[in-house]
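1. Provided below for reference: sequence and predicted model.
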Amino acid sequence: MVRLHRKEDITYADRMYLKIRHFVGKDLRCIVSVNPSTIVALVNHLAANTGRLIQDIHDGTCFGLPGDFEPEPKLAPRSKPELAHMAAC
């Protein structure tokens, strides 16, 4: 897992991005949240960070840093239209 320097350095947006990055390439079938606005925030965050996410998928990084992710250059180009479609919904 990517290690940030201090716990105080981790923002809500960072946690959201890390969750998105973690589930890329996995068979995710359902997202559940007690607060529906969390799902709206997830979609908005995905739309705002599509380019960064694709680069991280390609490079096997998270936040541009090495971690527990493998580079998946074949998955990254395929993800761009899928992510754009999801963000537009």
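-> In hand now; what should we look at?

2. Tell me where this structure is predicted with low confidence.
-> 1-8, 77-89 (pLDDT under 70).

3. which residues of it fall in helices?
-> Secondary structure of the chain, counting by DSSP state H: helices at 12-23, 36-48, 50-59, 75-88.

4. Let me have the ones you listed in a markdown table, extended by mean neighbour count and distance to Asp68.
-> In short, each C-beta sits where N, CA and C put it, glycine included. Formatted as a markdown table, the helices of the chain follow (neighbours: other Cβ atoms under 10 Å; distance: least, Cβ to Cβ, whole Å):
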| stretch | mean neighbour count | distance to Asp68 |
| --- | --- | --- |
| helix 12-23 | 15 | 9 |
| helix 36-48 | 13 | 21 |
| helix 50-59 | 18 | 12 |
| helix 75-88 | 14 | 16 |
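
5. Kindly reformat those as JSON lines and extend each row with distance to Pro66.
-> Listed next are those as JSON lines, based on distance: least, Cβ to Cβ, whole Å:
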{"stretch": "helix 12-23", "distance to Pro66": "13"}
{"stretch": "helix 36-48", "distance to Pro66": "22"}
{"stretch": "helix 50-59", "distance to Pro66": "9"}
{"stretch": "helix 75-88", "distance to Pro66": "16"}
